[in-house]
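*Asks:* Curious how this folds, go ahead:
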Amino acid sequence: MKSDNDSQTAPGAGFAPRRRRMRPPFPPAFAAGRPGFGGGFGHGFGPRGGPFGPRGRARRGDVRLAILSLLAEAPNNGYGLIKAIAEKTDDAWRASPGSVYPTLSQLVDEGLVSGAEGANYALTDAGRDYVAEHAAELASVWQVGPKVSGEQAALIEATRKLVGAIRQVGTDGSADKQAAAADKVDALRKELYRLLGE
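*Replies:* Down below sits the predicted model:
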């Protein structure tokens, strides 16, 4: 015969102990370098990515126009076209083989370009007509971003280094050091605004 104690459930039985989540010493988006804070500066943040902007990435349509524009100047192979795109944009636009070669195949299928992988590609008569009809559109494809002066490049590089130091203090520094760093960064921000006002 069961006793009253047998039918009772022990306090807390059937419930797993609640585990406290350990919070990181600094916001994850900052410590992990995610875009938007910390990593947002590191990703594409350099003298080749435009002033304080991400590195240029072209759409497939832009690759198509760039290829036609370059082939209007001279026949070229796939690797040569990739290299020419980088040179023509001061390395701000680095087209990938995965975008260039499929686009070349498509242009061949359309009859605008002749050639095959491993050899030079060239415009066909139809391709030359297309280039002549879309001259303005082809010219605009090279406007991937404004030029960056030497002074801007130096400021961007200094900012990148500063963000790296801030991230390190945020992940490895004590609470006192993080607070002191925040004060210094805030003072720097005010000084920069004062500099602009002069």
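
*Asks:* What residues of stretch 75-86 count as buried?
*Replies:* Neighbour-count burial for stretch 75-86, counted by 16 or more other CB atoms under 10 Å, picks out Asn76, Asn77, Gly78, Leu81, Ile82, Ala84, Ile85. From N, CA and C alone the C-beta is placed, and that goes for glycine too.

*Asks:* Pull the most distant pair out of the residues you listed.
*Replies:* Using CB to CB, the buried residues of stretch 75-86 span at most 13.0 Å, a distance reached by Asn77 and Ile85.

*Asks:* Surely Tyr130 and Leu68 touch.
*Replies:* Yes. Shown here, Tyr130 and Leu68 form a contact pair, counting by CB atoms under 8 Å, at 6.8 Å.

*Asks:* so what's in contact with the two at the same time?
*Replies:* Shared contacts of Tyr130 and Leu68 (CB atoms under 8 Å, 6 or more residues apart in numbering): Leu112.

*Asks:* what about those two, which has more around it?
*Replies:* More crowded of Tyr130 and Leu68, by other CB atoms under 10 Å: Leu68, with 22 against 19.

*Asks:* The more buried one: which element?
*Replies:* Per DSSP states H and E, Leu68 falls inside helix 60-73.

*Asks:* which helices and strands does that helix pack with?
*Replies:* Counting contacts by 3 or more CB pairs under 8 Å, 6 or more residues apart in numbering; DSSP states H and E, helix 60-73 packs against helix 78-88, helix 97-110, strand 113-114, strand 122-123, helix 125-133, helix 135-140.

*Asks:* got the angle for it vs helix 125-133?
*Replies:* On the basis of axes from the mean of the first three to the mean of the last three CA atoms, to 10 degrees, helix 60-73 is oriented at 100 degrees to helix 125-133.

*Asks:* so helix 60-73 versus helix 78-88, what angle?
*Replies:* Orientation check (the same axes, to 10 degrees): helix 60-73 against helix 78-88 gives 100 degrees.

*Asks:* Would you mind listing the buried residues in helix 60-73?
*Replies:* For helix 60-73, burial by neighbour count (16+ other CB under 10 Å) applies to Asp62, Val63, Arg64, Leu65, Ala66, Ile67, Leu68, Ser69, Leu70, Leu71, Ala72.
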